[in-house]
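Peer 1: The sequence and its predicted three-dimensional model are supplied below.
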Amino acid sequence: MSTLYVDNLQPNLGSGVSIPGHVIQVVQHTDTTEYTNTTTSVVQGPQTSTFTLQNSANKVLVTVNCCLRSGRNTAAGARLGLWRGSISSGTKITSGSEPQFYTTDSGTEQYAIVSMQFLDTPGVSSTTYSIGFWKHPSATDARIKGNFLTTTIVLQEIAQ
């Protein structure tokens, strides 16, 4: 019987073979725009450029960081979700509808730094990702404050 010892294993990049769980590529989208929504219906927030996967069977780890703000009526609160594609024609990939933050304090507005992650299996060779957002029914509005803190969406292709 023989034993094989390996100190370092690297894929042959020309072969198209990758190690499962290996990060293939990383792309960062940034947005300094302020987006406002005065309704309880989801609206389009920041959207990435087209992300082309090296293999459509791979997964995409989507990481979002943004500043979310809500004006207070009887309460302040706002919600975020992630979509593959645009809000109008894409697929929501996160679940739940509860606010990322909610308060009934006496202030006129509330701010929160929100981080979200989702490991997506797009099943296509290229796609975009979007942030959708809406206000809590007791709030006056919801805003993604890219002008206060740059909104970032980081996409990592993960080999399968």
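Peer 2: Received the coordinates, thanks. It should be emphasised that the depicted structure is a prediction, and the values quoted were computed from it without experimental measurement.
Peer 1: what residue is smack in the middle of this structure?
Peer 2: In the chain, the residue lying closest to the centroid (CA atoms, centre = their mean) is residue 64, at 4.1 Å.
Peer 1: Strands along this structure, start to end?
Peer 2: With DSSP state E as the criterion, the chain has strands at 23-31, 34-37, 43-47, 51-52, 59-72, 76-84, 91-92, 101-103, 109-120, 126-127, 129-135, 139-145, 151-158.
Peer 1: Tabulate these (a markdown table), appending mean pLDDT.
Peer 2: Compiled in a markdown table, the strands of the chain are given as follows (pLDDT from 0 to 100):
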| stretch | mean pLDDT |
| --- | --- |
| strand 23-31 | 97 |
| strand 34-37 | 98 |
| strand 43-47 | 98 |
| strand 51-52 | 98 |
| strand 59-72 | 96 |
| strand 76-84 | 94 |
| strand 91-92 | 96 |
| strand 101-103 | 84 |
| strand 109-120 | 94 |
| strand 126-127 | 98 |
| strand 129-135 | 96 |
| strand 139-145 | 96 |
| strand 151-158 | 98 |
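Peer 1: Export those strands as JSON lines, with columns for distance to residue 4.
Peer 2: Every residue, glycine included, has its C-beta placed from N, CA and C. Converted to JSON lines, these look like this (distance: least, CB to CB, whole Å):
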{"stretch": "strand 23-31", "distance to residue 4": "26"}
{"stretch": "strand 34-37", "distance to residue 4": "55"}
{"stretch": "strand 43-47", "distance to residue 4": "47"}
{"stretch": "strand 51-52", "distance to residue 4": "36"}
{"stretch": "strand 59-72", "distance to residue 4": "29"}
{"stretch": "strand 76-84", "distance to residue 4": "41"}
{"stretch": "strand 91-92", "distance to residue 4": "44"}
{"stretch": "strand 101-103", "distance to residue 4": "53"}
{"stretch": "strand 109-120", "distance to residue 4": "32"}
{"stretch": "strand 126-127", "distance to residue 4": "38"}
{"stretch": "strand 129-135", "distance to residue 4": "41"}
{"stretch": "strand 139-145", "distance to residue 4": "52"}
{"stretch": "strand 151-158", "distance to residue 4": "27"}
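Peer 1: I'd like to know which of those is closest to residue 8.
Peer 2: Residue 8 lies closest to strand 23-31 among those, at 16.7 Å (CB to CB).
Peer 1: That closest one: partners in the sheet, and parallel or antiparallel?
Peer 2: Strand pairing for strand 23-31, determined by DSSP bridges: strand 151-158 (antiparallel).
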